[in-house]
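Peer 1: coords please:
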Amino acid sequence: MNPWLAGFFVLLFAALILLLEALWIWWSAAHGSAARRIAKRLRLMAAQSERQGERIDILKQRSYSRHARLEHQLRRYSSLALLDRLLQQAGATWSVAQVLGSMLALLLAALGLLPLLHLPWLLQVVALLVLPCLPLLLIWRRRQARLIRLEQQLPEAADFFARALCAGHSFANVMQMVGEEMPEPIAGEFKFTYEEINYGVPMNEALHNMAVRVPLTDLRYLVIAVLIQRESGGNLAEVLGNISRLIRARLRLLAQVRVMSAEGRMSAWILGLLPLGVLMLMVLTNPAYIRVLWTDPVGIRLMWYALGMAAVGVVWMRKLIRIHV
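Peer 2: Model (predicted):
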C-alpha cells in the first residue's frame, strides 16, 4: 500500500476519534448530569430573586420515602416531621414511610389473627392499640439508649475540645477532629455539624441544629457556652473544661440516684406487671373460671376499677422514683 494513502487513513481515523470525543464533550456539557444540576441551581436562583430574597436551603433534605409520589403525599402532613426527628435522634436508617408501613402491617395482622384466637374483647382492644405502636416503642427505646451514650461521651468530647483549642486549633477544625477520632454516636453528630458549616450554614445555626437533633441539657450548655464566647470573647478552653467537670459530677450523682432508687423501680415493674401476668396465666389454664370478669356486669366493672387503680399506682410510683438531676 502507498505510504501516503496509509498515512491519510491514519489521519482520517484520528480525526473521526477526535470528532466523536468532541461531540461527547459537547453533549455532556449541554445535557449531562452536571449541566442539569447547574440549570436547576440557576432556576432556583432565579426563583429566589422573584421571591424577593426567600432563603433556599442548600443542605440535603431528609427523605420520607424513596417514591416521589408517596414523598409528596407525606410532605403534606406536618406532624410527620416529629416522627422524622424521632428517627434522626434514634440514629435509625428507617424512613418515615417504612415506619408507617410496618405499623399498618401490624394493624392488619392483628385484625386478621385476633378473631381467630377468641380472646376477650378487652384484650383484643388492647392488642389493636399496642401492636401497631411496637415500631414506635422500639424506635423510642433506641433513641433513649443513643442519648444515654451521647451523654456519657460528652465529657470526653468537651475535654477533647479544650485540649485541641489550647494547642491552637480552630473550633471548626476541632469539630472535624472529633468527628474523625471519637467513637459513635457523638462523632457522627459533630461530623454532620462540621459538614453543615462547610456547606455555608453559619456556625451559630449549625450548633443550634445540633442542639435540636440531640435534646440533651449538657449539650445545650456546651452550645450556649460556645455561642456566648463567640459574642463576648473569653477563654473557651477553660469554659469547656469546667463544663466537662460539671457533666462528670452530674453523671456521677445520677448514677448514685439510680442505685438508690433501683429497689423502687423494680417494685414498680413487678407490681405493675404481676396482675397482667396472673390474668394471662388464668386465661391459659382455667378460662372458665376467669371468664366471669368479662361476661358478668359486676366483673366488667371490677376490671375497670382495677385498671384505673393500677394506672394511678404506676403513675404515682413513677413520680416517686423519677428524680431529675
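Peer 1: any idea how far the one helix or strand residue 101 maps to is from the chain center?
Peer 2: In this assignment (DSSP states H and E), residue 101 forms part of helix 96-117. Mean-position distance between helix 96-117 and its chain equals 23 Å (Cα atoms, centre = their mean, to the nearest Å).
Peer 1: also stretch 205-224?
Peer 2: On Cα atoms, centre = their mean, the centre of stretch 205-224 falls 14 Å from the chain's centre.
Peer 1: over to stretch 268-284?
Peer 2: Its chain's average C-alpha position is 34 Å from that of stretch 268-284, according to Cα atoms, centre = their mean.
Peer 1: buried residues, that stretch. List them.
Peer 2: Buried positions in stretch 268-284, judged by neighbour count with 16 or more other Cβ atoms under 10 Å: 268, 279, 283. For glycine as for every other residue, the C-beta is placed from the backbone atoms N, C-alpha and C.
Peer 1: do stretch 70-83 as well
Peer 2: The neighbour-count check on stretch 70-83 (16+ other Cβ under 10 Å) flags 70, 74, 80, 83 as buried.
Peer 1: with stretch 196-214 instead?
Peer 2: Buried residues in stretch 196-214 (16+ other Cβ under 10 Å): 196-197, 201, 203, 206-211, 214.
Peer 1: ok, of those, which one's closest to residue 145?
Peer 2: Distance to residue 145 across the buried residues of stretch 196-214 (Cβ to Cβ) is lowest for residue 214, with 13.5 Å.
Peer 1: who's in contact with the closest one?
Peer 2: 89, 147, 150, 189 (Cβ atoms under 8 Å, 6 or more residues apart in numbering).
Peer 1: other residues contacting stretch 228-243?
Peer 2: Here stretch 228-243 makes contact (Cβ under 8 Å, 6+ apart) with 158-159, 161-163, 165-166, 171, 203-204, 218, 221-222, 225-226.
Peer 1: sorry, wrong one. I was asking about stretch 135-152.
Peer 2: By Cβ under 8 Å, 6+ apart, stretch 135-152 touches 86-87, 89-92, 94, 99, 102-103, 106, 185-186, 189, 214-216, 218-219, 247, 251.
Peer 1: mind doing that once more with 10 Å?
Peer 2: Residues from elsewhere that reach stretch 135-152, judged by Cβ atoms under 10 Å, 6 or more residues apart in numbering: 83, 85-92, 94, 98-103, 105-106, 130, 133, 157, 183-186, 188-189, 214-219, 247-248, 250-251, 254.
Peer 1: noted, bye for now.
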